[in-house]
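1. Let's see this in three dimensions:
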Amino acid sequence: MLIAKSTLAATLAWAVSYYGLHAQAPAFAPFSAVMIMYVTVYQSLVQSLRYVAAVSLGVAIQVAFALLVGPDLLTFALVAAIALTIGRSRILGVQGPQVATAAFFAFSTYTTATSDSTGVRQLGQIVLLVLIGCAIGTAVNLTIAPPMRYRSGEYSIRVLAHTLYDLTSDMYPALREGTLDADSTSRWRDRAAQVDSLIAQARADLDTAKENAVYHPRRLLQRNRGGLGFRAYKTVLEALGRTLYQMASLTRSLDQCRESENDYHYQEFFDRYASFLEAISDIAYTLSTLNEATLPLEAARLDALASAAQRQRREVAREAESQRLPLTDPGRPYGVLVIEATRLMEEVQYTSDTLRSEVEA
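-> Purely as a prediction, here's the structure:
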């Protein structure tokens with residue numbers, strides 16, 4: 001789609017510059033139209049302004065020095081030094097290098113002109129062609145199948161939730177059956193340790209979705225109103241990220257339980273812990289199928305699941321107390337597991353409360 005729209009924008013820009021204006025350098029218009037064709041409408045608008053500003057600065061530098069000094073080698077060196085310095089400014093962003101590019105093209109155009117007035121007129125035409133190209137490129141991106149990425153925010157939550165679901169659904173049966181082994185716990189640790197890239201990608205997807213909503217023509221449609229706000233998306237996503245980090249700590253603690261424990265009756269504790277992780281798994285599965293269209297029903301379901309998980313967490317704590325497990329012994333994992341269960345529950349409850357508040361709002 002992006003290639004098709006770029007082709008259309010470039011063709012229209014060429015037609016206007018070559019057939020309409022009979023420009024001497026008509027390629028500037030289609031080049032500009034393609035340069036600002038970004039995956040979001042917001043970026044197309046922003047980069048159009050920056051690109052026009054960069055080209056205008058490059059041309060203006062060349063005109064000023066050419067008129068004052070003349071188009072000789074020293075002028076080119078001064079123009080290059082100034083244009084490259086301005087191009088490194090953060091204000092122009094990725095379009096900064098275009099200042100020097102425009103200045104070089106402007107110098108070449110000016111040196112081939114028959115007079116100063118002709119050279120200035122030709123340079124002004126370059127700026128006009130850039131404006132035409134940017135206007136056509138932005139218009140095409142805005143009106144013809146504008147990129148819609150609202151769902152990428154929802155999708156980013158689904159990805160993290162499904163990662164949590166896969167991990168917990170693999171862990172709780174092994175805990176319940178008492179089949180902890182080195183391969184299982186090492187595999188869980190490795191999977192939990194790899195969530196950094198997933199969380200970073202989910203944040204990037206959410207930022208893209210949020211950016212795409214700005215200046216998008218379809219954002220005003222009724223079906224795109226009243227959805228789950230990006231603030232709520234970010235809150236849920238960050239809570240899931242913290243939950244996955246805590247799962248990494250939990251798997252490290254379980255990795256210490258591979259050797260048999262003869263001093264305590266720990267299997268009943270692991271049975272309760274398995275039930276708690278199963279409740280967390282149910283919540284993660286619900287979040288992995290998050291859909292704005294059915295959000296009220298899903299929020300109510302999450303409330304019920306969070307209440308069930310709270311009960312299971314309290315059972316974990318009660319079982320640890322009844323078995324008099326060494327919760328304060330740093331050499332054994334029970335205390336850390338109880339603490340991680342509490343922290344996991346806090347994040348899950350926070351996520352549920354956030355979605356419920358969004359529905360009520």
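2. So what would you say the end-to-end distance of stretch 91-99 is?
-> Using CA to CA, to the nearest Å, the span of stretch 91-99 from its first residue to its last is 12 Å.
3. buried sites along that stretch?
-> Neighbour-count burial for stretch 91-99 flags 92, 95-96, 98-99 (criterion: 16 or more other CB atoms under 10 Å). Quick note: C-beta positions are derived from backbone N, CA and C, even for glycine.
4. Repeat that for stretch 8-21.
-> For stretch 8-21, by 16+ other CB under 10 Å, it's 8-10, 12-14, 16-17.
5. can you redo those as JSON lines with pLDDT, distance to residue 38 and secondary structure?
-> Converted to JSON lines, these look like this (pLDDT from 0 to 100; distance: CB to CB, whole Å; DSSP: H, G, I helix; E, B strand; the rest coil):
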{"residue": "8", "pLDDT": "95", "distance to residue 38": "15", "secondary structure": "helix"}
{"residue": "9", "pLDDT": "94", "distance to residue 38": "12", "secondary structure": "helix"}
{"residue": "10", "pLDDT": "95", "distance to residue 38": "15", "secondary structure": "helix"}
{"residue": "12", "pLDDT": "96", "distance to residue 38": "18", "secondary structure": "helix"}
{"residue": "13", "pLDDT": "95", "distance to residue 38": "16", "secondary structure": "helix"}
{"residue": "14", "pLDDT": "95", "distance to residue 38": "20", "secondary structure": "helix"}
{"residue": "16", "pLDDT": "95", "distance to residue 38": "21", "secondary structure": "helix"}
{"residue": "17", "pLDDT": "93", "distance to residue 38": "22", "secondary structure": "helix"}
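6. returning to that earlier point: of the buried residues of stretch 91-99, which belong to helices?
-> Counting by DSSP state H, the buried residues of stretch 91-99 place 98-99 in helices.
7. Closest one of the buried residues of stretch 91-99 to residue 162?
-> Of all the buried residues of stretch 91-99, residue 95 has the smallest distance to residue 162: 38.1 Å, by CB to CB.
8. ok, now which ones touch the closest one?
-> 47, 50-51, 53-54 (CB atoms under 8 Å, 6 or more residues apart in numbering).
9. low-confidence ranges in the chain?
-> Applying pLDDT under 70 to the chain picks out residues 39, 146-153, 211-231, 256-266, 325-334, 361.
10. what sits up against stretch 129-137?
-> Around stretch 129-137, the neighbours that count as contacts under CB under 8 Å, 6+ apart are 6, 9, 12-13, 16-17, 21, 23, 25-26, 28-37, 44, 48, 51-52, 55-56.
11. Convert that stretch to PDB, retaining C-alpha atoms only.
-> In PDB, the C-alpha atoms belonging to stretch 129-137 read as follows (Å, rounded to 0.1, in the frame of the first residue of the first chain):
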ATOM      1  CA  LEU A 129       8.500  22.300  -6.400                       C
ATOM      2  CA  VAL A 130       9.300  20.900  -3.000                       C
ATOM      3  CA  LEU A 131       6.200  22.500  -1.600                       C
ATOM      4  CA  ILE A 132       4.100  21.000  -4.400                       C
ATOM      5  CA  GLY A 133       5.600  17.600  -3.800                       C
ATOM      6  CA  CYS A 134       5.100  17.700  -0.100                       C
ATOM      7  CA  ALA A 135       1.500  18.900  -0.500                       C
ATOM      8  CA  ILE A 136       0.600  16.100  -3.000                       C
ATOM      9  CA  GLY A 137       2.400  13.400  -0.900                       C
END
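12. List the buried residues in it.
-> 129-137.
13. Repeat that for stretch 294-303.
-> So for stretch 294-303, counting by 16+ other CB under 10 Å, buried means 295, 298-299, 302.
14. following the strand or helix carrying residue 61, which helix or strand shows up next?
-> Element membership of residue 61 [criterion: DSSP states H and E] is helix 41-68. Scanning forward in sequence from helix 41-68 by DSSP H and E, the next helix or strand is helix 73-87.
15. Please name every helix or strand in contact with that following helix.
-> Where contact means 3 or more CB pairs under 8 Å, 6 or more residues apart in numbering; DSSP states H and E, helix 73-87 is packed against helix 41-68, helix 97-111.
16. closest one to residue 206 among the ones you listed?
-> helix 41-68 (14.5 Å).
17. Would you map the strands across the stretch 251-361 of the chain?
-> Assigned by DSSP state E, counting those that start in this stretch, the stretch 251-361 of the chain shows no strands.
18. Surely residue 161 is in contact with residue 282?
-> No: applying CB atoms under 8 Å as the test, residue 161 and residue 282 come out as separate, 11.3 Å apart.
19. higher neighbour count, those two?
-> Neighbours per residue, other CB atoms under 10 Å: of residue 161 and residue 282, the larger number sits with residue 161, 25 against 20.
20. What separation do you get for the residue nearest the centre of the chain and residue 156?
-> The centroid of the chain falls nearest to residue 204 when counting by CA atoms, centre = their mean (1.3 Å). Going from residue 204 to residue 156 by CB to CB, to the nearest Å gives 8 Å.
21. mind listing what the nearest residue to residue 271 once chain neighbours are set aside touches?
-> Counting by CB to CB, 6 or more residues apart in numbering, residue 176 is the residue found nearest to residue 271 once chain neighbours are left out, at 5.9 Å. Residue 176 makes contacts with 270-271, 274-275, as judged by CB under 8 Å, 6+ apart.
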